[in-house]
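**Student:** pasted the sequence and its predicted model underneath.
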There are 2 protein chains.
Amino acid sequence: MAYGNAFVALADPTRRTVFERLRHGPRAVGDVAEGLAVSRPAVSQHLKVLKDARLVTVYRDGRHQFYAIDTNGLSAIRDYLDSFWGEALQAFKTYAEKDQPKRNARRKRARR
Amino acid sequence: MAYGNAFVALADPTRRTVFERLRHGPRAVGDVAEGLAVSRPAVSQHLKVLKDARLVTVYRDGRHQFYAIDTNGLSAIRDYLDSFWGEALQAFKTYAEKDQPKRNARRKRARR
DNA sequence: CTTATTAGTAAGCTATGGCTTACGGAAACG
DNA sequence: CGTTTCCGTAAGCCATAGCTTACTAATAAG
């Protein structure tokens, strides 16, 4: 159930902002915190949550702690979501065929 | 930013359980609540959050409110996550090439 | 060795999210 | 009609998540 922590981690807007700042590559903590509305310790705390959720990884270079995106957390969520696609669509289809031969249900938006 | 609400909705374990109970098809509120550790009104509140996040839809049949999974919320999260895959791997690759010319990167998991 | 930089941790405050019980309202049912 | 079933909403309680300011540790630099 690794996706649990990952969902919690990405549910907070500030933490998501922190996460998104790593989008283009690894950055040091101070660099990530710069310009944000919250303090640097707050950013450290957010990064810890992200790390525990395997959404980021760390490595040290001198006094700098560089954080980078970890795809493990991403794929944990992804796999969880994927497990719904097939069944949800299947259930919808079954329901539509069985119960609604006449009435035309609201049309479903084509996927992607 | 529809994914924001969706992340919040799926971050709570109880709410995730409610959501998962719709996996195999639409169910009425009382049916969803049955056997859960929380009260029926609590389930109603969870369903409201899920609905606002476009993770479920509702339709009425007599006195029964049937809730079903809505793929709109799912794809909102999915799209958000997808926007990281490419860039994160790209960043990793750039880093690997620059600093680690020898080591060969891990192969990417086939998608879909 | 002293000082500066970088970052994690501790303690405490406050807002809020999830729960409960109580109530209200609509649909089936006698 | 009155009653029962089904469900949403309101009000209030309480645990906790996120923030701040302090402090501490580790590395670099002078």
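**Tutor:** That came in fine, so what should we check first?
**Student:** pairing partners for residue A:60 in the sheet, please.
**Tutor:** residue A:65 (DSSP bridges).
**Student:** my guess is it contacts residue A:28. True?
**Tutor:** No. Residue A:60 lies out of contact with residue A:28 (Cβ atoms under 8 Å); the separation is 9.9 Å. C-beta here means a position set from N, CA and C on the backbone, and glycine is covered the same way.
**Student:** which neighbours do those two share?
**Tutor:** Taking Cβ atoms under 8 Å, 6 or more residues apart in numbering or on different chains as the contact rule, residue A:60 and residue A:28 both touch residue A:66.
**Student:** and whichever strand or helix holds residue A:18, which residues are buried?
**Tutor:** Element membership of residue A:18 [criterion: DSSP states H and E] is helix A:13-20. Neighbour-count burial for helix A:13-20, counted by 16 or more other Cβ atoms under 10 Å in any protein chain shown, picks out A:15-16, A:18-19.
**Student:** neighbour count winner among residue A:60 and residue A:28?
**Tutor:** In terms of neighbours (other Cβ atoms under 10 Å in any protein chain shown), residue A:28 is the more surrounded of residue A:60 and residue A:28; the figures are 16 against 9.
**Student:** which residues does that one contact?
**Tutor:** A:64-67.
**Student:** surely residue A:48 is within a helix?
**Tutor:** Yes. Assessed by DSSP: H, G, I helix; E, B strand; the rest coil, residue A:48 belongs to a helix.
**Student:** per-residue pLDDT of it, please?
**Tutor:** Note for residue A:48: predicted pLDDT of 98.
**Student:** now do residue A:86
**Tutor:** 71.
**Student:** can you give me the helices in chain A?
**Tutor:** Using DSSP state H, the helices found in chain A span residues A:2-11, A:13-20, A:29-33, A:40-52, A:71-99.
**Student:** so, low pLDDT: which residues of chain A?
**Tutor:** A:1, A:87-112 (pLDDT under 70).
**Student:** right, and DNA strand C sits closest to which residue of it?
**Tutor:** Nearest residue of chain A to DNA strand C (Cβ to the nearest atom of the strand) works out as residue A:30 at 2.7 Å.
**Student:** does that residue touch residue A:40 like I think?
**Tutor:** Yes. Counting by Cβ under 8 Å, residue A:30 touches residue A:40, with 6.5 Å between them.
**Student:** give the contact list for residue A:12.
**Tutor:** Counting by Cβ under 8 Å, 6+ apart, residue A:12 has contacts residue A:46.
**Student:** how close does it sit to residue B:59?
**Tutor:** Separation of residue A:12 from residue B:59 (Cβ to Cβ, to the nearest Å): 33 Å.
**Student:** pull up the residues of chain A that are close to DNA strand D.
**Tutor:** Proximity of chain A to DNA strand D is confined to A:8, A:11-12, A:14-15, A:37-39, A:41-42, A:45-46, A:49, A:62-63 under the rule Cβ under 7 Å from any atom of the strand.
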